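Student: kindly return the folded structure for what I paste below:
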Amino acid sequence: MAVSLSQVFMGVMLKPMVEDFGWSRTEISGAVTLGTLLAGFMGPWVGRFADRHGPRLISSLGIIVLSIALFAMAFVNDLWHLYVIYVLGRSFSQSVLSGDVPRTTAVNWFRRMRGRALGMTQMALPLGNSGLAIVAQLMMGNGLDWRTVFIVFSVSSLVILLIPS
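Tutor: Got it, this is the predicted structure:
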């Protein structure tokens, strides 16, 4: 669930959004690119925060930001809305939930078999990416619109991620 604002997931949402709004793929992809770049630049600060304060607080904040961004994406009507919501949501949630914090957690928690723990942490990202894209595609194939998919993923991320965090 932590990667539900990834480029793979947005690739599934791209076509219905283009059809609804008439925006070009380039316009929508620009938000994805900008969010990814900003997440990369945030990495050092997120890592420093996780080192100083531990991963629990920042993970919870990342989950809340992710859920709010997913929910808000369901109500996008203008291109600038997409850019503000997606870029802010993606940049913070990606750097926190699928970047430094899971690795920090694995390194701090595991002394023995640390490499295996890191490998499993990193394995979850592409599996989650592909799995969520398939689920979103199935939901839309069964009659739900893309806005409903965003709402379902928003609620699911809170339930599945926030409670264990």
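Student: who does the lowest-mean-pLDDT helix or strand in the chain touch, helix- and strand-wise?
Tutor: The helix or strand of the chain with the lowest confidence, counting by mean pLDDT, DSSP states H and E, is helix 101-109 at a mean of 81. Here helix 101-109 touches helix 25-53, helix 55-73, helix 114-141, going by 3 or more C-beta pairs under 8 Å, 6 or more residues apart in numbering; DSSP states H and E. All C-beta spots, glycine's among them, are computed from the backbone N, C-alpha and C.
Student: buried residues in stretch 74-84?
Tutor: A74, V76, L82, Y83 (16 or more other C-beta atoms under 10 Å).
Student: of those, which is the nearest to G128?
Tutor: A74 (20.4 Å; C-beta to C-beta).
Student: looking at the protein, which residue lies furthest from center?
Tutor: R112 (29.6 Å; C-alpha atoms, centre = their mean).
Student: in which helix or strand does that residue reside?
Tutor: Element membership of R112, judged by DSSP states H and E, is empty: it is in no helix or strand.
Student: list the contacts for it?
Tutor: Not one residue lies near R112 by C-beta atoms under 8 Å, 6 or more residues apart in numbering.
Student: ok, it to M139 distance?
Tutor: 41 Å (C-beta to C-beta, to the nearest Å).
Student: what's the farthest-apart pair in the buried residues of stretch 74-84?
Tutor: It's A74 and Y83 that sit farthest apart of these, by C-beta to C-beta, at 16.0 Å.
Student: just the CA coordinates of the least confident helix or strand of the chain, formatted as CSV?
Tutor: Extracted in CSV, the C-alpha atoms of helix 101-109 (Å, rounded to 0.1, in the frame of the first residue of the first chain):
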residue,chain,number,x,y,z
VAL,A,101,12.6,4.6,6.7
PRO,A,102,12.0,1.0,5.8
ARG,A,103,15.7,0.5,5.3
THR,A,104,16.4,2.3,8.6
THR,A,105,13.9,0.0,10.4
ALA,A,106,15.5,-3.1,9.0
VAL,A,107,19.0,-2.1,9.8
ASN,A,108,18.1,-1.0,13.4
TRP,A,109,15.9,-4.1,14.1
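Student: what comes up buried for that helix?
Tutor: For helix 101-109, by 16+ other C-beta under 10 Å, it's V101, P102, R103, T104, T105, A106.
Student: run a quick neighbour tally on the closest residue to the last one other than its chain neighbours.
Tutor: For A106, ignoring the flanking residues on the chain, the nearest one in space by C-beta to C-beta, 6 or more residues apart in numbering is A117 at 4.3 Å. Applying the criterion other C-beta atoms under 10 Å, we find 18 residues in the vicinity of A117.
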